[in-house]
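Asks: Quick one, fold the following:
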Amino acid sequence: MLIDLHTHSYPQSDDSFMSVDELIEGSKSLGLDGICLTDHDIFWTADQAQDLSQKHDFLVIPGCEINTESGHVLVFGLTEYEFGMHKPEFLQASVARAGGVLIAAHPYRRRFIEEPAKRPGIRDEMLERAGDDKFFGICQGVEALNGRGTTVQNQFSLDLGKKLNANMTAGSDAHKVEQLGTVATEFQRPVSCLSDLINELQNGRYSPVDLREKATPRI
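Replies: Take a look at the predicted model:
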């Protein structure tokens, strides 16, 4: 089944331009099987997600995108933001206590700069430095395909995932309706709730999928 692990809605994410209802209906119209709500540093409750699932007859799973000192990370399994989560070690400890999962979001950011990467050897140096970054060691996977990333940016993420021998996900990172349905994570087993999602992410039974040939969502 196909789930978009990385989405943003307004006003929970103040840089988004779509409501949560537009997000859900747009994703549903494109043939996805579910979405994760990963607004910036804010958590949807399990009850809110369940209410949205029932309202739209569509799988909605709560999560969060947290900004840490080492990069953004998708978090599944926590219920609220605590001061200190901007520190990767603090966040890792919180997620471990909750039995949750961390996925490194758009890992090309801060680590890949397109212009100098065109020069001989520079991209390899960037990839080598990223591969040595301890930040990725606290994550259960890396987002290899980001719907808002360019081809070369996502290729860097894919190469990094391979270098790390990491499990790799995909998420649209959509902030607008027209950004939905670009990429998604394909799960080998059914996912019907947050605990299912966490279990599958922990066991690596998934892969990133590019869906860019899909049609524009119908709202």
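Asks: Let me know the helix or strand that Leu74 is in.
Replies: Per DSSP states H and E, Leu74 falls inside strand 71-76.
Asks: ok, then the element right after that strand?
Replies: Per DSSP H and E, the first helix or strand lying C-terminal to strand 71-76 is helix 88-98.
Asks: downstream neighbour of that next one in the secondary structure list?
Replies: Next element after helix 88-98 (DSSP H and E): strand 101-104.
Asks: Can you point out the buried residues in that following strand?
Replies: For strand 101-104, the neighbour count (16 or more other Cβ atoms under 10 Å) marks 101-104 as buried. No exception for glycine: its C-beta is placed from N, CA and C like everyone else's.
Asks: Stretch 58-76 too?
Replies: For stretch 58-76, by 16+ other Cβ under 10 Å, it's 58-66, 68, 70-76.
Asks: One more: stretch 39-49?
Replies: Buried residues in stretch 39-49, counted by 16+ other Cβ under 10 Å: 39-40, 43-44, 49.
Asks: Redo the residues you listed as JSON lines? Include secondary structure.
Replies: JSON lines is the format used below for the buried residues of stretch 39-49 (DSSP: H, G, I helix; E, B strand; the rest coil):
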{"residue": "Asp39", "secondary structure": "coil"}
{"residue": "His40", "secondary structure": "strand"}
{"residue": "Phe43", "secondary structure": "coil"}
{"residue": "Trp44", "secondary structure": "coil"}
{"residue": "Ala49", "secondary structure": "helix"}
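Asks: Restrict the least confident helix or strand in the chain by mean pLDDT to CA atoms and write it as PDB.
Replies: Ranked by mean pLDDT, DSSP states H and E, the weakest helix or strand in the chain is helix 114-117, scoring a mean of 86. Below are the C-alpha coordinates for helix 114-117, written out as PDB (Å, rounded to 0.1, in the frame of the first residue of the first chain):
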ATOM      1  CA  GLU A 114      24.400  21.700  -6.400                       C
ATOM      2  CA  GLU A 115      26.700  24.300  -8.100                       C
ATOM      3  CA  PRO A 116      30.000  23.200  -6.500                       C
ATOM      4  CA  ALA A 117      28.900  19.600  -6.700                       C
END
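Asks: Quick check: buried residues in that helix?
Replies: Going by neighbour count (16+ other Cβ under 10 Å), the buried part of helix 114-117 is Ala117.
Asks: And for that helix, what's in contact with it?
Replies: When contacts are defined by Cβ atoms under 8 Å, 6 or more residues apart in numbering, helix 114-117 is touched by residues 122-123, 126, 150, 152-153, 156.
Asks: what's the farthest-apart pair in those?
Replies: Greatest spacing in these, by Cβ to Cβ: Ile122 and Thr150 (17.0 Å).
Asks: Show me what whichever helix in the chain runs longest is in contact with.
Replies: Determined from DSSP state H, the single longest helix within the chain is helix 151-164. Residues outside helix 151-164 that contact it (Cβ under 8 Å, 6+ apart): 106-108, 111-112, 114, 117, 123, 126-127, 130-131, 136, 142-146, 149, 166-168, 208.
Asks: And for stretch 131-140?
Replies: 68, 70-71, 73, 88-89, 91-92, 101-104, 107, 111, 130, 142, 160, 163-164, 166-167, 201-202, 204.
Asks: How far does that stretch sit from its chain's centre?
Replies: In terms of Cα atoms, centre = their mean, to the nearest Å, the centre of stretch 131-140 is set 16 Å apart from its chain centre.
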